[in-house]
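A.B. asks: I'd like to go over a predicted model; first the sequence, then the structure.
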Amino acid sequence: MADKRMSEDDVVARLRSGMTVGIGGWGSRRKPMSLVRAIVRSDLRDLTVVSYGGPDVGLLCASGKVRKLVFAFVSLDSIPLEPHFRKARQSGQVTTEEYDEGQFLLGLQAAAWRVPFLPTRVGLGSDVFRLDPSLRTVTSPYPGPDGGPGEELVAMPALELDAALVHYNRADERGNAAYLGPDPYFDDLMLEAAATGGRFLSAERIVPTAELAADGCRHSLKVSRLMVDGVVEAPNGAHPTSCVPDYERDEAFQKEYAGSAKSDEAWAEFSAAWLELPDEATYQQKVAAR
Amino acid sequence: MSVESFARADICAVAIAETFRGDGEILANPIGTIPMVGGRLARATFEPDLMMTDGEAALIANDEAFEWPDGKVLETWNPYRRMFDIVWSGRRHVIMSPTQIDRYGNMNFAAIGGDLAQPKVQLLGLRGAPGNTICHPTSYWVGNHNAKTFVDQVDVVCGIGYDRAAALGPVASRFHEIRRVVTNLCVIDFDTPDHRMRLRSVHPGVAVGEVVEATGFELVVPDEVPVSRLPTDEELRLLYEVIDPTNLRGKEVPD
């Protein structure tokens, strides 16, 4: 029976520079931040990051890990605009592929279902086509609503991932996992869109399988071990993002993080205090001592 | 409470509520402070079948717009995944806030200036605007009506306007509707032959010239411009006692 437990650094050791990495969560909610911090500590670079973005995107951009960003928005929720992301965009530091939030979902779904694209009306007429000149349309082979020619729709390409990183409330050592908050976001799709061998899940607590549904109900069991290659126990691992009901967002910390975009000195200071640490355990001790 | 005591923010909330008139049983999804107040007001009065969000993953029955001290009354679970099902089904009317909007209702809140690879000012990103505008009715809220927002041409088309929908034909226009733009000064619609913006009403105390001055393109102005509808006594009671008792709306649009 596979025990898939590993550390954050074990996960990073399985990633390679230049990979396309999907990151779960939404804005500043239930982000796999302990895994993101491990990437920041590593030698990885030139990543393509695919994310409903929050501080994961900002941290990786500010740390020089990102070559390309695939996104629909990047926000800290209580701070609507992510300052490190803005800085990366406004300096031209990262290239981008920008989509509508729903198109993004269809791209992940297409990858998960192993089809090259999914058709949608979403994006027609907008600057999505200017933002991504490789985006194509497809003509429906079926008659249009008036019996005439088939409709020309957007062919949203599959967003295939080399790796996916997500954070859940509970997991067992084999990779089954439960979310206990209000929204599953698109984490399960991220895992399904990623290549076998690159699907990593961190969790607040690893529990015996029999206890997985204890805090919620069967509907909270959103991820099965079929879709997971590695499990990391990461208490407070989503910090500073929210991971309800285990904890809310650390607004004070997030404010400090956002403030560190003000100048190179402010960033160096933040980085020295919170990122240039030997491991996640040290980070968590420092957070606890705040 | 008498109608003499209404504030500009109350007028705006009523104008927002009016955008939902006739919508029936759909998801009313106004985003932002005054939009959320106005949506709640519509449901509490003339559109009782609307559904509304708690701002997170539930649709709730409560009349209060921002805080629910006695708990939320959940009608259904509505995580983002199901939100897209509603968007694409068309059973939704959203209100978003543009950073830029042009005469046909093309809208931008993604980025300003520079070029696409390196904008001068990076804002939110496309968010759900392309899908919203092509799938179901959309209205807009502008809390500070000025010529930097109402522009001749937007830098990035996030939400599509009438000219672009028409150019694409039925595939785009069959579900496309930009209904209103409500601002701190006036209400605008697109009831013109080619769907250019038309001044529908001005709020009490606002001169037509003031609106024209604050708009960066030529607005269609009818010979007679009515004054925006005033709140009823019952609407004022709901606004001040139930929906927004701490008057967050007044902070967004002061008198």
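C.D. replies: Arrived safely.
A.B. asks: Which residues are in contact with B:R180?
C.D. replies: B:15, B:18-19, B:139-140, B:187-189, B:200 (C-beta atoms under 8 Å, 6 or more residues apart in numbering or on different chains). C-beta coordinates here come from the backbone N, C-alpha and C atoms, glycine included.
A.B. asks: try 6 Å this time
C.D. replies: Residues counted as contacts of B:R180 (C-beta atoms under 6 Å, 6 or more residues apart in numbering or on different chains) are B:19, B:139, B:189.
A.B. asks: Go through those residues and name the one nearest A:P55.
C.D. replies: B:S139 (31.8 Å; C-beta to C-beta).
A.B. asks: going on from the helix or strand containing the closest one, what's the next piece of helix or strand?
C.D. replies: In this assignment (DSSP states H and E), B:S139 forms part of strand B:137-142. Downstream of strand B:137-142, the first helix or strand assigned by DSSP H and E is helix B:162-168.
A.B. asks: pull the CA atoms of the strand holding B:S139 into PDB?
C.D. replies: What follows is strand B:137-142, C-alpha atoms only, in PDB (Å, rounded to 0.1, in the frame of the first residue of the first chain):
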ATOM      1  CA  PRO B 137     -27.400  40.800 -19.000                       C
ATOM      2  CA  THR B 138     -24.800  43.200 -17.600                       C
ATOM      3  CA  SER B 139     -25.000  46.600 -16.000                       C
ATOM      4  CA  TYR B 140     -22.300  48.900 -14.800                       C
ATOM      5  CA  TRP B 141     -21.700  51.000 -11.700                       C
ATOM      6  CA  VAL B 142     -19.400  54.100 -11.800                       C
END
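A.B. asks: partners of that strand in the sheet?
C.D. replies: With DSSP bridges as the test, strand B:137-142 is paired with strand B:92-96 (parallel), strand B:177-183 (parallel).
A.B. asks: can you redo those strands as JSON lines with mean pLDDT?
C.D. replies: Formatted as JSON lines, those follow (pLDDT from 0 to 100):
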{"stretch": "strand B:92-96", "mean pLDDT": "98"}
{"stretch": "strand B:177-183", "mean pLDDT": "98"}
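A.B. asks: Out of these, flag the one nearest B:T232.
C.D. replies: The minimum distance between B:T232 and those falls on strand B:177-183, with 18.0 Å, by C-beta to C-beta.
A.B. asks: Out of the contacts of B:R180, the closest to A:A273 would be?
C.D. replies: Out of the contacts of B:R180, the member with the shortest distance to A:A273 (by C-beta to C-beta) is B:S139, at 45.3 Å.
A.B. asks: Assess the claim that the closest one and B:E177 are in contact.
C.D. replies: No. Using C-beta atoms under 6 Å, B:S139 makes no contact with B:E177, being 9.1 Å away.
A.B. asks: that older thread, would you mind giving the strands paired with strand B:137-142 as JSON lines with distance to A:R37 added?
C.D. replies: Shown next, in JSON lines, are the strands paired with strand B:137-142 (distance: least, C-beta to C-beta, whole Å):
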{"stretch": "strand B:92-96", "distance to A:R37": "34"}
{"stretch": "strand B:177-183", "distance to A:R37": "43"}
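A.B. asks: Show residues contacting stretch A:262-270.
C.D. replies: A:S260.
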